[in-house]
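Q: Here is a sequence together with a model predicted from it:
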Amino acid sequence: MNAAIKTIIVDDEPLACRRIRRLLQADPEIQVAALCTNGPEAVREIESHRPDLLFLDIQMPGMDGFKVLKSLQDIQPQIIFVTAYDRYAIQAFEVHALDYLLKPFDQERFHKSFQRARAQMRLKKENTGALQRLMAEINRQQQYAQRILVSSGARYFFVKVKEILFISAEEKYVRLNTEKSNYLLRRTLEAMARRLDPAQFVRIHRSHLVNLDHIQEVQPWAHGDCIAILKNGTRLAVSRRYRAALLDKE
């Protein structure tokens with residue numbers, strides 16, 4: 001049986017603390033040692049319990065999350081920051097946080113973050129280089145857009161990047177195509193490609209970027225071209241120029 005993962009949750013919103021504890025309850029390895037709603041309490045509980053994993057809010061009255069960490073001496077838990085403010089991301093990784101959960105987050109995002117933390121705890125003693133590689137991957141993800149601001153009439157709202165099936169070029173505009181709708185932006189396809197993770201979006205044609213997660217299959221076509229068939233049945237041409245870039249993706 002694996003040793004318990006001693007965990008402390010710190011957030012000045014009690015409901016947020018309880019939600020994280022609820023998300024962790026299904027895992028028998030987790031032992032929630034304390035729920036803390038302010039910085040000084042967090043320092044006391046961390047020094048008392050010496051946790052393996054710390055979910056830490058940043059903006060709290062009196063003592064923020066960074067001051068909590070500075071108050072610790074030789075205790076080095078895995079740290080997942082949980083905050084409603086994205087402006088602290090760079091500072092968070094400077095103090096070697098493992099991840100940065102931006103509220104509101106869904107269960108899938110939380111689970112992915114926790115699994116990353118679990119994997120890191122298992123690897124830490126075996127491979128001292130694992131943390132550096134993991135941090136590099138997190139930083140890579142952070143530099144690309146996770147959502148795109150779009151408009152519909154007088155309304156403005158965000159579209160999650162993972163919900164975009166493909167992006168098509170239309171003269172000086174691009175069209176973001178999702179399962180439910182599509183949105184026109186005054187931007188070039190090249191500019192969009194720079195904002196998106198190349199591990200997720202690939203250029204398949206001079207007029208199309210496609211989300212790899214939504215491709216069902218790729219079929220050969222005439223003159224060396226291919227057809228990418230999406231899971232919703234959409235068929236997109238893959239030109240010879242970009243075919244290798246698509247087929248080389250694992």
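A: Looks like it arrived, so ask away. Residues are numbered from 1 along each chain as shown.
Q: Which residue, other than its chain neighbours, is closest to the residue of the chain positioned farthest from its centre?
A: If you look at how far each residue of the chain sits from its centre, by CA atoms, centre = their mean, the farthest one is His223, at 39.3 Å. Excluding the flanking residues, the one nearest His223 by CB to CB, 6 or more residues apart in numbering is Arg240, at 7.4 Å. No exception for glycine: its C-beta is placed from N, CA and C like everyone else's.
Q: and the one you found, how many neighbours?
A: Using other CB atoms under 10 Å, Arg240 is surrounded by 11 other residues.
Q: Likewise for Leu23?
A: With other CB under 10 Å as criterion, Leu23 counts 16.
Q: which strands and helices sit next to the host helix or strand of it?
A: Of the helices and strands defined by DSSP states H and E, Leu23 is found in helix 14-24. Helices and strands touching helix 14-24, by 3 or more CB pairs under 8 Å, 6 or more residues apart in numbering; DSSP states H and E, are strand 5-10, strand 30-36, helix 107-123.
Q: just the ones you listed: most buried one?
A: Greatest average neighbour count among the helices and strands packed on helix 14-24 goes to strand 5-10 (a mean of 23), per mean count of other CB atoms under 10 Å.
Q: if you average pLDDT over that one, what comes out?
A: Averaging pLDDT along strand 5-10 gives 92.
Q: mind saving the C-alpha coords of it as PDB?
A: The C-alpha trace of strand 5-10 is given here as PDB (Å, rounded to 0.1, in the frame of the first residue of the first chain):
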ATOM      1  CA  ILE A   5       0.000  12.000   0.600                       C
ATOM      2  CA  LYS A   6      -0.300  14.500   3.400                       C
ATOM      3  CA  THR A   7      -2.100  17.500   2.000                       C
ATOM      4  CA  ILE A   8      -2.900  21.000   3.300                       C
ATOM      5  CA  ILE A   9      -5.400  23.300   1.600                       C
ATOM      6  CA  VAL A  10      -5.100  27.100   2.100                       C
END
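Q: Next, the angle from it to helix 107-123.
A: 130 degrees (axes from the mean of the first three to the mean of the last three CA atoms, to 10 degrees).
Q: What lies in contact with strand 5-10?
A: 17, 20-21, 24, 29-37, 39, 42, 45-46, 49-57, 60, 65, 68, 77, 118, 121 (CB atoms under 8 Å, 6 or more residues apart in numbering).
Q: helix or strand right after the worst-scoring helix or strand of the chain on mean pLDDT?
A: Least confident helix or strand of the chain, by mean pLDDT, DSSP states H and E, is helix 130-142 with a mean of 62. Scanning forward in sequence from helix 130-142 by DSSP H and E, the next helix or strand is strand 147-152.
Q: And for Phe55, the neighbour number?
A: By other CB under 10 Å, neighbour count at Phe55 equals 31.
Q: Now whichever strand or helix holds it: buried residues?
A: Using DSSP H and E, Phe55 sits within strand 53-56. Neighbour-count burial for strand 53-56 flags 53-56 (criterion: 16 or more other CB atoms under 10 Å).
Q: Many thanks, have a good one.
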